[in-house]
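Engineer: Sharing a model prediction with you, sequence too.
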There are 2 protein chains.
Amino acid sequence: MKYKIKSRIWIEADDNVLLGEGRVALLKAIEETGSLSKAAKSLKMSYKKAWSLIDALNSRAQKQVVITSIGGKGGGGAKLTPYGKNLIDAFDTINQNCWAFLDKEMKKQLYHDF
Amino acid sequence: MKYKIKSRIWIEADDNVLLGEGRVALLKAIEETGSLSKAAKSLKMSYKKAWSLIDALNSRAQKQVVITSIGGKGGGGAKLTPYGKNLIDAFDTINQNCWAFLDKEMKKQLYHDF
DNA sequence: TGTCGCTATATTTGACAATATATAACGATA
DNA sequence: TATCGTTATATATTGTCAAATATAGCGACA
């Protein structure tokens, strides 16, 4: 029997979720596609949900994370601010450190308890 | 603006959840009340859900975690095995270490990114 | 052997979240 | 000014999961 430890981290601002794994994945997809609707499609997420997530993120973060534009050539688009890119990196770093930490913690306990 | 980092950890066996925060809370309540139905009530959880959680836990863990008895004086009851108590302690330890670790990680990033 | 409070299990009901659908607005470009 | 693909927003529908409800079974004990 193989036991695995898993985790999920997120960051809250005023008891509201600011950033979690789902939003980070969405931000990455926006970075790749340059569009909110394409990013949503690539994650098999409804456009509405993607829009809501980004809207909440933009309004709660201390700086704008995603810049959207309506109309014009190509109909519009969405792209990350430099601050947004930093957010992704910071989150990923913490998340990976956390995984590594938990694996170590698990090994400490493994032979006694699980 | 105050940012907080939160986390949730759980342990899987064969891609099924074995133990998470909810089940640990339930185990603690069973330890206190000596009864599955009372434990469920104290957590405002339906009996059915509590029973399902414990059933899954017992069948997937390598040793029995909760011992139930039907009928007899008082109608029956439920109590933890020593192994079950170890499980709670191990989980709590890892969980608290994880919180402390994440707080430290967050402080590392805080002034740059969040 | 009847009572009691609990475990064990199935079935129905209901709430809420996720999804789908529809439509308006937008601005560069031709 | 007509077209285009996108953002932005409201509404309707669907699906899923939790909760409520119902009922059977159990064993010590009086």
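Structural biologist: On my side now, so go ahead. Residues are numbered from 1 along each chain as shown, chains lettered A, B, ... in the order given.
Engineer: and the residue of chain A found nearest DNA strand C, how many neighbours?
Structural biologist: With C-beta to the nearest atom of the strand as the measure, the residue in chain A that lies nearest DNA strand C is A:Gly71; the distance is 2.5 Å. (C-beta placed from N, C-alpha, C; glycine too.) The number of residues packed near A:Gly71 is 7, by other C-beta atoms under 10 Å in any protein chain shown.
Engineer: And A:Ala56, by the same measure?
Structural biologist: Taking other C-beta under 10 Å as the criterion, the count of residues near A:Ala56 is 15.
Engineer: A:Glu21 too?
Structural biologist: 13.
Engineer: Surely it and A:Ile11 touch.
Structural biologist: No - the criterion here is C-beta atoms under 8 Å, and A:Glu21 misses it with A:Ile11 at 10.9 Å.
Engineer: tell me the contacts of A:Val66?
Structural biologist: A:Leu27, A:Ile30, A:Leu36, A:Ile54, A:Leu57, A:Asn58, A:Ala78, A:Lys79, A:Leu80, A:Thr81, A:Gly84 (C-beta atoms under 8 Å, 6 or more residues apart in numbering or on different chains).
Engineer: I'd like these as TSV, with distance to chain B and neighbour count appended.
Structural biologist: Putting those into TSV (distance: C-beta to the nearest C-beta, whole Å; neighbours: other C-beta atoms under 10 Å in any protein chain shown) gives the following:
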residue	distance to chain B	neighbour count
A:Leu27	13	24
A:Ile30	18	25
A:Leu36	23	22
A:Ile54	18	22
A:Leu57	13	21
A:Asn58	14	16
A:Ala78	21	21
A:Lys79	18	16
A:Leu80	13	19
A:Thr81	12	15
A:Gly84	10	22
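Engineer: how far away is A:Gly84 from A:Leu19?
Structural biologist: Between A:Gly84 and A:Leu19 the distance is 10 Å, computed by C-beta to C-beta, to the nearest Å.
Engineer: avg pLDDT for the longest helix anywhere in chain A?
Structural biologist: Determined from DSSP state H, the single longest helix within chain A is helix A:82-113. Confidence over helix A:82-113, taken as the mean pLDDT, stands at 91.
Engineer: For the lengthiest strand in chain A, name the packing helices and strands.
Structural biologist: The single longest strand within chain A, with elements called by DSSP state E, is strand A:3-13. If you count contacts as 3 or more C-beta pairs under 8 Å, 6 or more residues apart in numbering or on different chains; DSSP states H and E, strand A:3-13 packs onto strand A:16-19, helix A:21-33, helix A:82-113, strand B:3-13, helix B:82-113.
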